[in-house]
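J.: build me a structure from this.
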Amino acid sequence: MAGFLILCACLFLDWFPLAVLGLICFDYPNGLIYTALLMIAAGIFAISPVNEKIGRAVLGCRPATTEERKKITVVWNSVVAAIGQALGSSTGERFASVKLFVSDEKLPNAFAVGRNTICVTRGLLSLTGHSLGADMAGVLAHEAGHLHFGDSGRLAVALTANRLGVASYRILDFWSRICEAFGRGALQSGRMLAVSGGIAGVFITLVVMLAVLVANVFNLAMKVFSFTFQVAANVSLRAVGRNEEFRADLFARNIGFGPQLAKFLRQIEALDAAPKDIWAVLYRTHPPTATRIDRLLQDAS
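T.: Predicted coordinates:
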């Protein structure tokens with residue numbers, strides 16, 4: 001529920017600058033309607049198979065080799081069977097259609113993409129080769145939890161909307177800079193007229209000064225709002241993401257892969273660097289590994 005509320009808040013913040021652009025380009029209320037429809041279309045695209053393919057390409061996911069496919073499929077089938085036993089055959093069938101890919105990343109890891117993709121790194125395949133895939137089963141069960149709860153799909157929507165919001169802020173900032181430049185030029189001309197003693201020059205100078213002031217205030221306000229919204233959105237999404245990691249861990253435990261996941265986390269715990277300041281803490285995408293292990297063991301006891 002928290003993830004959904006944060007997503008709604010982020011979508012609104014991303015829509016706001018887009019709505020300002022809409023009101024500049026179109027009359028009210030068409031500007032608001034068009035931008036809202038654009039945001040909805042972006043959200044639909046974000047969870048589409050097309051965007052999922054784009055996400056796989058951007059993240060470096062490639063089809064598995066024959067050897068890799070055999071290793072991953074055996075482990076994944078055990079996870080799907082456990083999901084079917086715990087949550088019902090229909091849910092198990094849904095996970096049977098999940099697409100499995102490989103990344104050449106050396107760090108032992110796996111990640112979910114969109115609504116129907118799990119990518120395993122070469123580092124994970126190398127790490128788990130000696131243990132008959134037991135550790136990898138825990139990791140894949142965790143990623144299945146992300147797909148089950150829609151975490152990766154929700155993140156795709158948030159990131160797509162964020163790109164629209166950032167692009168809108170940049171366009172508004174560009175326009176305000178152009179207006180400011182024209183205003184400064186007009187202000188210089190008005191000053192020249194004012195010096196020559198013309199009343200029209202004085203009036204034009206005052207009007208242009210007011211316009212330049214408004215443009216500067218608007219530009220500053222957009223920068224402050226843009227910075228604030230970016231920080232708030234990033235911190236909020238990461239806080240929700242950390243809770244989603246705990247929830248995916250619990251999903252893996254509930255279908256019988258808690259010990260395997262805890263064992264894997266112990267192996268990579270040394271890779272978990274301690275945050276150096278409060279911003280590093282706030283911007284963490286994952287909870288501390290030691291805390292995840294402790295929760296898994298508490299749940300299992």
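
J.: could you use CA atoms for every contact and neighbour count after this?
T.: Will do.

J.: got the contact list for Glu68?
T.: Leu125 (C-alpha atoms under 8 Å, 6 or more residues apart in numbering).

J.: could you dump the helix or strand hosting it to PDB, C-alpha only?
T.: Here Glu68 sits within helix 66-87, counting by DSSP states H and E. What follows is the C-alpha trace of helix 66-87 in PDB, where atoms were taken according to Å, rounded to 0.1, in the frame of the first residue of the first chain:
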ATOM      1  CA  THR A  66      22.800 -23.600 -23.600                       C
ATOM      2  CA  GLU A  67      24.800 -24.400 -20.500                       C
ATOM      3  CA  GLU A  68      23.500 -21.300 -18.600                       C
ATOM      4  CA  ARG A  69      19.900 -22.100 -19.600                       C
ATOM      5  CA  LYS A  70      20.200 -25.600 -18.300                       C
ATOM      6  CA  LYS A  71      21.600 -24.400 -14.900                       C
ATOM      7  CA  ILE A  72      19.000 -21.600 -14.500                       C
ATOM      8  CA  THR A  73      16.000 -23.600 -15.700                       C
ATOM      9  CA  VAL A  74      16.500 -26.500 -13.300                       C
ATOM     10  CA  VAL A  75      16.700 -24.100 -10.400                       C
ATOM     11  CA  TRP A  76      13.800 -21.900 -11.600                       C
ATOM     12  CA  ASN A  77      11.500 -24.900 -12.100                       C
ATOM     13  CA  SER A  78      12.000 -25.800  -8.400                       C
ATOM     14  CA  VAL A  79      11.000 -22.300  -7.500                       C
ATOM     15  CA  VAL A  80       8.000 -22.300  -9.700                       C
ATOM     16  CA  ALA A  81       6.900 -25.700  -8.300                       C
ATOM     17  CA  ALA A  82       7.200 -24.300  -4.700                       C
ATOM     18  CA  ILE A  83       5.200 -21.200  -5.700                       C
ATOM     19  CA  GLY A  84       2.500 -23.500  -7.200                       C
ATOM     20  CA  GLN A  85       2.300 -25.500  -4.000                       C
ATOM     21  CA  ALA A  86       2.200 -22.500  -1.700                       C
ATOM     22  CA  LEU A  87       0.000 -20.100  -3.700                       C
END
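
J.: if you average pLDDT over that helix, what comes out?
T.: Taken as a whole, helix 66-87 has a mean pLDDT of 93.

J.: could you pull out the buried residues of it?
T.: Neighbour counts using 16 or more other C-alpha atoms under 10 Å place 71-72, 75-76, 79-84 of helix 66-87 among the buried residues.

J.: and stretch 40-48, by the same measure?
T.: For stretch 40-48, the neighbour count (16+ other C-alpha under 10 Å) marks 40, 42-43, 45-47 as buried.

J.: show me those that map onto helices.
T.: Cross-referencing these with the helices (criterion: DSSP state H) gives 40, 42-43, 45-46 as the overlap.

J.: circling back to that earlier point, for the buried residues of stretch 40-48, give me JSON lines that also has distance to Phe16 and pLDDT.
T.: Below are the buried residues of stretch 40-48 laid out as JSON lines (distance: C-alpha to C-alpha, whole Å; pLDDT from 0 to 100):
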{"residue": "Ile40", "distance to Phe16": "14", "pLDDT": "90"}
{"residue": "Ala42", "distance to Phe16": "15", "pLDDT": "90"}
{"residue": "Gly43", "distance to Phe16": "15", "pLDDT": "88"}
{"residue": "Phe45", "distance to Phe16": "20", "pLDDT": "92"}
{"residue": "Ala46", "distance to Phe16": "19", "pLDDT": "89"}
{"residue": "Ile47", "distance to Phe16": "22", "pLDDT": "90"}
